[in-house]
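Enquirer: Provided below for reference: sequence and predicted model.
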Amino acid sequence: MQTQLKDATTEVKNQLSNHLLLFGVIAGYLTVLLMVFVSEYYLFTPSFYLDLSGMVLLSLLYYFRDRIDLTIRTSAIIFILYLITQTNLIQYGVVSPLKLFFALIPFLTILVFDLRKSFIFFFFVVINFGVTAYLFITERIEPLIQNPINTSVSLWVTYGIIIVLTGLIIMIFVDRYNEKLNQIFSDLLVKTDELTKRDELLQENLREKNVLLQEIHHRVKNNLAIVSGLLELQSLKEKDKTIQNTLKKSTNRIMSIAKVHQFLYQSESFDKIPFKMYIDQLAEVILSTMNSDQKQITFNSNISVDYLNINNGVPLGIIVNELITNSIKYGFPDDDGNEISISISETDNRIVFNYRDNGVGIADFESASSKSLGFSLINSLLTQIQATSNYHTEEHFELSFSYPKISD
């Protein structure tokens, strides 16, 4: 955690240092340009070359900021700032426009050093300012521009006090800011660690529940397969074709339910199943079990909806089973040229389902459907999923219905 805390605070200080460096470079170039136009004594003087060199060095530091360590980069900025400020102070004395930059040095030092080292360095800066002031007051330094106020003790003392007080206030404020920043990051890391552990626990619980759900769906599928197998064995023993067909229908109904649970325990998601794969496999099984006369039946599916919600899986499976069974049994008198098509799409947040065969249709649909258990089951399941439906039974059979899509 200490390493993470150090990395986090270093990143914040890096950003702050880079922004200050960019601002300093821009301000420095503008200052040099301003001095060239304002002061006739500034251009081509040692101070001009030193200021320009300092700006170039600061520009290079900013350009290579990502390759230079924070401590080294900030130390270089402090040294350049000190050198430029001190040189300007020696040339212009107490009227130097950069003298107050001494007060900014503690702000930079406290970013990378502790409070004790920052105090020592600032003490050196203050002593240096005092020595420079003494040399001007005693007229041992001759400034670039003669100005009698350079020998004014009160003026030097006033600026010295301003630099000391400003520097100390900045240093103490930034130090307190560093402590507060460290505390904030420390609290965030503790909370992040707690959230990570909680998330790991939740993930573990979720994995356990998924395994349990997977096992439940697997067992339900196996139990339904056993029931389906028993009915199929019973149908093989029956000689009466009517009983055999009834048992086969019941077997397929159970199998359509079992298919839902099969897809669920094989899938990573336990609330939806792949729509096209489910319909295609279901149709394949029904056609193989109910087409005892070996009629040539082509099955086509056009399904643009990716997943089927588990709540609609069983009803739709049974509906498809009843429709295909009805087409095989009553819709195709010929042995070849028979087609069954299913298309499924989504429109206005509703699932649109269309089933169609090219068989003979049903002449008296109302009478036939009222006597059929299959159609009674279909209508009941359509009501269950809140579907609106429409039958077309002349010359072919077609059922179209739509139902509300259940949000994932």
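Expert: Alright, I've got the coordinates.
Enquirer: who touches the residue nearest to Glu139 when sequence neighbours are not counted in this structure?
Expert: Excluding the flanking residues, the one nearest Glu139 by C-beta to C-beta, 6 or more residues apart in numbering is Thr151, at 6.4 Å. From N, CA and C alone the C-beta is placed, and that goes for glycine too. The contact partners of Thr151, by C-beta atoms under 8 Å, 6 or more residues apart in numbering, come to 136-137, 139.
Enquirer: Dump those residues to CSV, plus distance to Gln234.
Expert: Below are the contacts of Thr151 laid out as CSV (distance: C-beta to C-beta, whole Å):
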residue, distance to Gln234
Phe136, 117
Ile137, 119
Glu139, 124
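Enquirer: Going through these, which ones are buried?
Expert: Buried members of the contacts of Thr151, scored by 16 or more other C-beta atoms under 10 Å, are 136-137.
Enquirer: Contact partners for Ser96?
Expert: Counting by C-beta under 8 Å, 6+ apart, Ser96 touches 85, 88-89.
Enquirer: do the same with Ser345
Expert: Taking C-beta under 8 Å, 6+ apart, we find Ser345 in contact with 303-305, 351-352.
Enquirer: Counting neighbours, which of the residues you listed comes out on top?
Expert: Scoring the contacts of Ser345 on neighbours with other C-beta atoms under 10 Å, the highest-scoring entry is Ile351 at 22 neighbours.
Enquirer: Next, that residue: secondary structure please.
Expert: State at Ile351, reduced to three classes by DSSP: H, G, I helix; E, B strand; the rest coil: strand.
Enquirer: And it, how far from Gly374?
Expert: For Ile351, the distance to Gly374 (C-beta to C-beta, to the nearest Å) stands at 22 Å.
Enquirer: just to revisit the earlier point, now, among the contacts of Thr151, which is nearest to Ile406?
Expert: Phe136 (85.8 Å; C-beta to C-beta).
Enquirer: immediately after the helix or strand hosting that closest one, which helix or strand?
Expert: Phe136 is part of helix 115-137, with elements assigned from DSSP states H and E. Downstream of helix 115-137, the next assigned helix or strand under DSSP H and E is helix 153-237.
Enquirer: Check Glu268 and give its pLDDT.
Expert: Listed pLDDT for Glu268 reads 61.
Enquirer: which intervals of the stretch 201-350 of the chain have sub-threshold pLDDT?
Expert: Applying pLDDT under 70 to the stretch 201-350 of the chain flags the ranges 208-221, 224, 256, 260-271.
Enquirer: where exactly do the strands run in it?
Expert: In the stretch 201-350 of the chain, the strands defined using DSSP state E, counting those that start in this stretch lie at 272-274, 297-303, 307-309, 338-347, 350-357.
Enquirer: The last one versus strand 338-347: what angle between them?
Expert: With axes from the mean of the first three to the mean of the last three C-alpha atoms, to 10 degrees applied, the angle from strand 350-357 to strand 338-347 works out at 170 degrees.
Enquirer: Show residues contacting the next helix or strand after strand 350-357.
Expert: Per DSSP H and E, strand 350-357 leads on to helix 365-371 as the next helix or strand towards the C-terminus. With contacts defined as C-beta under 8 Å, 6+ apart, helix 365-371 is touched by 362, 375-376, 379, 391, 393.
Enquirer: Just those residues: which are in helices?
Expert: 375-376, 379 (DSSP state H).
Enquirer: Mind giving me the ChimeraX select for these, buried ones only?
Expert: Only the buried members of these end up in this ChimeraX selection, burial being decided by 16+ other C-beta under 10 Å:
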select :375,379
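Enquirer: could the ones in helices among the contacts of helix 365-371 go into TSV alongside pLDDT and distance to Ser369?
Expert: Listed next are the ones in helices among the contacts of helix 365-371 as TSV, based on pLDDT from 0 to 100; distance: C-beta to C-beta, whole Å:
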residue	pLDDT	distance to Ser369
Phe375	86	4
Ser376	88	8
Asn379	90	8
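Enquirer: Specify which member of the ones in helices among the contacts of helix 365-371 is nearest to Leu100.
Expert: Asn379 (89.9 Å).
Enquirer: where along the stretch 1-150 of the chain do the helices fall?
Expert: 2-38, 46-63, 70-92, 105-112, 115-137 (DSSP state H, counting those that start in this stretch).
Enquirer: how about the last one: buried residues?
Expert: To tie it back to what came earlier, the one meant is helix 115-137. Going by neighbour count (16+ other C-beta under 10 Å), the buried part of helix 115-137 is 115, 118-119, 121-122, 125-126, 129, 132-133, 136-137.
Enquirer: what do you get for the first one?
Expert: Along helix 2-38, these residues count as buried under the neighbour rule (16+ other C-beta under 10 Å): 5, 8-9, 13-14, 17-18, 20-21, 24-25, 28-29, 32, 35.
Enquirer: Mind giving me the packing neighbours of it?
Expert: helix 46-63, helix 70-92, helix 105-112, helix 153-237 (3 or more C-beta pairs under 8 Å, 6 or more residues apart in numbering; DSSP states H and E).
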